[in-house]
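>>> Predicted model follows, preceded by the sequence.
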Amino acid sequence: MKNESVGFIMAGRRQRHRRWIIVTSFLAVLSCVLCCAMLLLGNTIYSVNDVIRALSGEQIQGVSFAVNTIRLPRMLAGIFAGFAFGIAGDIFQTMLRNPLANPNVIGITTGSSAAAVFCIVILHASGAAVSIASVIAGLATVTLIYILSRGKTFSIGRLILIGIGIQAMLNAVVSYLLLVGAEQDIPAALRWLSGSLNGSQMHELPALIISVMILAPLVILLGKHLSILELGEQSATSLGANTDRTRILLILSSVCMISLATSTTGPIAFVSFLAGPIAKRLVGTSFSNVIPAGLVGANLVLAADLIGQFAFTVRFPVGIITGIIGAPYLIYLLIRMNQKGEL
């Protein structure tokens, strides 16, 4: 009887692992397909052969400039920013055990946005200065929210409410900066605030790409501890997890990635909010959700950008499309949580 139970459990685990591998592989393949579409499609549709020749360094009139200068940076910004948003959102939602506890809702991306808008509108800076300011502001925002939410005991609900309040305050700061800024800087700031891949340039991407390539593996390695942290502080400690060190490493890594992604593409709405729940529905809850969430985030950004470019007579920034998708889900989630008494 005991052997039958063990065999049944192991068979279920193998089935869940197989599902995780199949879904994750599908998401990775879908990302590759969307990347190819980003390179092939535009005002002019190029053949696969022409795109490959242009990427290999061959100079083809019209094709080389369009592919290497416009489409490739746009595609790289989309996939790396989407991956960073997806991972960071899933980390916060899982670690704080609440789907509302993501960087968009609790104000972390707004802190990075306020710093970036200040650099663009007031300091007339760009590139590295915006990236550094965004990371510092993101870390300062999450530190402030954590300090204010501690009280006598740490409360996730209090953290979310304080985060929403901080977000409202920082949105007011952004509005003020737009009012006092030079007129010629306002259009660029507004395009950036909507979340857009337009105008992405290769020299702006190294910081984002390097941070994702270094920090994402670290987060993936720590991903096995996320399920332990979900059990609560006492249970995680009793199982031998160093909760403080794990939480600090996860928060620092996530904030750095999402701040650099925000400084590159702007605050693309709801990607960090949607990626984790979608990935969890697809792969289940038995294995780490970090990689699937990152891939879902990348796919959301790439697909939304393609929809914004070609589905309408007017071209829309990617953030508007993700906002249209995410806002109804947020309303649905709030209604469901209210019905369950979780609000």
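Right, received. Where do you want to start?
>>> Now stretch 24-31: buried residues?
Along stretch 24-31, these residues count as buried under the neighbour rule (16 or more other C-beta atoms under 10 Å): Thr24, Leu27, Leu30, Ser31. Any C-beta I mention is one placed from the backbone N, CA and C, and that applies to glycine too.
>>> oh sorry, the question was meant for stretch 253-269
Residues 253-269 are the ones in stretch 253-269 that count as buried (16+ other C-beta under 10 Å).
>>> Quick check: the closest residue to Val135 other than its chain neighbours vs Ile108, distance?
By the measure of C-beta to C-beta, 6 or more residues apart in numbering, the closest residue to Val135 outside its immediate chain neighbours is Ser259, 4.3 Å from it. As defined by C-beta to C-beta, to the nearest Å, Ser259 lies at a distance of 8 Å from Ile108.
>>> hmm, who's touching the host helix or strand of Ile136?
Using DSSP states H and E, Ile136 maps to helix 128-150. For helix 128-150, contacts defined as C-beta atoms under 8 Å, 6 or more residues apart in numbering pick out 106-116, 118-120, 123, 125, 155, 158-159, 162-163, 166, 170, 207-208, 251-252, 255-256, 258-260, 262-264.
>>> Repeat that for stretch 249-261.
Contacts with stretch 249-261, where a contact means C-beta under 8 Å, 6+ apart, come from 80-81, 84-85, 87-88, 91-92, 95, 103, 108-109, 112, 131, 134-135, 137-139, 142, 207-208, 211-212, 215-216, 218-219, 222, 226, 268, 272.
>>> Report the buried members of those residues.
Applying the neighbour count, that is 16+ other C-beta under 10 Å, the buried entries in the contacts of stretch 249-261 are 80-81, 84-85, 87-88, 91-92, 95, 103, 108-109, 112, 131, 134-135, 137-139, 142, 207-208, 211-212, 215-216, 219, 222, 226, 268, 272.
>>> Out of the residues you listed, list just those in helices.
Among the buried ones among the contacts of stretch 249-261, the members found in helices (DSSP state H) are 80-81, 84-85, 87-88, 91-92, 95, 108-109, 112, 131, 134-135, 137-139, 142, 207-208, 211-212, 215-216, 219, 222, 226, 272.
>>> where's the helix or strand hosting Leu178 relative to the chain centroid, distance-wise?
Of the helices and strands defined by DSSP H and E, Leu178 is found in helix 156-180. For helix 156-180, the separation from the chain centroid amounts to 19 Å (computed by C-alpha atoms, centre = their mean, to the nearest Å).
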